[in-house]
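# sequence and predicted model, in that order:
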Amino acid sequence: MNVSNSLFALASMAIAVAATVYAPSASALEETTSPSNALRIGSGPDGKLYQLLVRDMQAMCGNEVPIINVPTIGGIPNLMGLSASTLDLGIVQLDTLTEIGKDGDENIQSLQAVMPLHTNLLHVLALRDGSQVGEPKKNFLGWKDEDSREIRVVRRFTDLKGLKVAVVGSTMLLGQKINEQNRLDMSLRKAESDDEAVKLLQANKVQAIFTDGGWPLPTIARHKSDSGLLLVDYDIMPQAPFVVVKRNYQNLDAFNTRFLGSPNLLVTRPFKPGGDIGKRVLALQNCLLKHQVDLQEGRYQAAWKEIKSPTDTLGVVRFGKAK
């Protein structure tokens with residue numbers, strides 16, 4: 001898939017993705033029993049780490065400040081919800097925030113960071129025995145023989161050149177960026193969920209899947225070694241703010257596999273610190289800072305252990321601090 005170098009194309013695509021993957025809705029909020037003064041935090045899909053982290057926040061700080069966990073598909077809808085004031089806070093990748101906010105939506109440009117979070121990893125799945133690509137050849141009767149199609153085995157990220165990839169959630173934007181930077185000519189196809197993406201892969205509609213989240217990602221950890229799936233090693237030199245991180249998934253026999261990583265932030269709208277909502281955001285910020293050791297050493301998500309400097313907001317204006 002050839003991609004324009006223009007930021008306008010990326011931003012337009014991001015907005016289109018957000019529109020089709022459900023931004024936070026009033027109905028989602030009405031399903032909760034939380035008080036009306038609760039902070040609405042955009043998280044992520046069921047079972048993925050964004051949502052699990054917000055549940056940890058509720059467990060640790062819910063007595064000090066009420067919190068509503070608003071499920072979304074990920075970072076892009078969270079940004080759109082913050083821009084539209086349907087969310088008070090949201091979790092988002094730093095690269096997504098930077099890309100969409102640059103020369104774009106002023107409401108997104110003005111967002112402030114409550115604290116840094118874990119590193120989001122791009123997980124790439126492929127079929128262990130390879131996928132069929134290209135057109136089938138005709139047999140001696142002139143009929144198309146599906147078994148004659150080329151088998152392409154993907155082990156490294158650069159093996160994806162020219163192939164079809166199913167992208168889940170915010171990986172559409174990331175996939176576009178990687179495609180452009182490395183001239184891989186991948187064809188990206190949006191999948192509504194990880195389950196749909198796996199079905200597309202198994203049906204030879206695509207040759208790989210992009211999905212993202214913190215380690216360990218439940219939608220990856222659920223697959224067994226006999227599932228026919230494998231994790232693809234990321235073999236491209238990253239560009240800032242991205243990093244390469246090595247992780248293990250014993251369930252897929254993947255050890256010291258390289259993943260492309262992007263830092264996450266918990267961000268909020270620029271509320272006045274002395275205002276009613278601003279005071280609640282500050283209370284949450286202080287509670288999370290006060291309980292960092294508890295979150296890292298207790299029975300909470302392992303991703304909390306990745307936070308080394310909780311006041312370092314990676315160049316984004318920190319909430320409660322003057323610019």
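Great, that's in hand. Note that the structure is a prediction, hence the values are computed from the model and not measured. Numbering: from 1, shown residues only.

# so residue 44 is in which element?
For residue 44, there is no host helix or strand (DSSP states H and E).

# how many neighbours does it have?
Residues near residue 44, counting by other C-beta atoms under 10 Å, number 28. Placement of C-beta: from N, CA and C, glycine included.

# now it. Its backbone dihedrals?
Here is the backbone geometry of residue 44 (degrees, to the nearest 10): phi -170, psi -170.

# tell me who's in contact with it.
Counting by C-beta atoms under 8 Å, 6 or more residues apart in numbering, residue 44 touches 50-51, 71-74, 91, 169, 213.

# lowest-pLDDT helix or strand in this structure?
helix 26-30 (a mean of 40; mean pLDDT, DSSP states H and E).

# next secondary structure after that one?
strand 39-42.

# before we move on, back to that, closest one to residue 160 out of the contacts of residue 44, please.
residue 169 (18.4 Å; C-beta to C-beta).

# these two touch, right, that closest one and residue 92?
No - the pair residue 169 / residue 92 is not scored as a contact, 11.7 Å apart, by C-beta atoms under 8 Å.

# any residues in contact with both of these two?
residue 75.

# give the burial count for residue 315, as a bare number.
Neighbour tally, residue 315, other C-beta under 10 Å: 9.

# all strands of the protein, in order?
39-42, 67-70, 89-93, 112-127, 131-133, 137-138, 144-145, 150-152, 164-168, 187-191, 208-213, 229-231, 243-249, 254-268 (DSSP state E).

# contacting residues around stretch 299-311?
The contact list for stretch 299-311 (C-beta under 8 Å, 6+ apart) reads 49, 52-53, 56, 59-60, 115-119, 214-216, 288-289, 292, 294-296, 318.

# any quick ChimeraX command for the buried ones out of these?
In ChimeraX, a selection of the buried entries from the contacts of stretch 299-311 looks like this (16 or more other C-beta atoms under 10 Å):
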select :49,52,53,56,60,115,116,117,118,119,214,215,216,288,295,318
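
# roughly how far does residue 70 sit from residue 36?
14 Å (C-beta to C-beta, to the nearest Å).

# same deal with residue 82?
Taking C-beta to C-beta, one finds residue 82 at 19 Å from residue 36.

# neighbour-wise, which of the two wins?
Neighbour tally, residue 82 and residue 36, criterion other C-beta under 10 Å: the higher count belongs to residue 82, 27 against 7.

# mind listing what that one touches?
Residue 82 touches 42, 88-90, 107-108, 111, 267-269, counting by C-beta under 8 Å, 6+ apart.

# tell me how many other residues crowd the nearest residue to residue 53 once chain neighbours are set aside.
Of all residues not flanking residue 53 in the chain, residue 301 sits nearest, at 5.8 Å (C-beta to C-beta, 6 or more residues apart in numbering). Neighbours of residue 301 under the rule other C-beta under 10 Å: 17.
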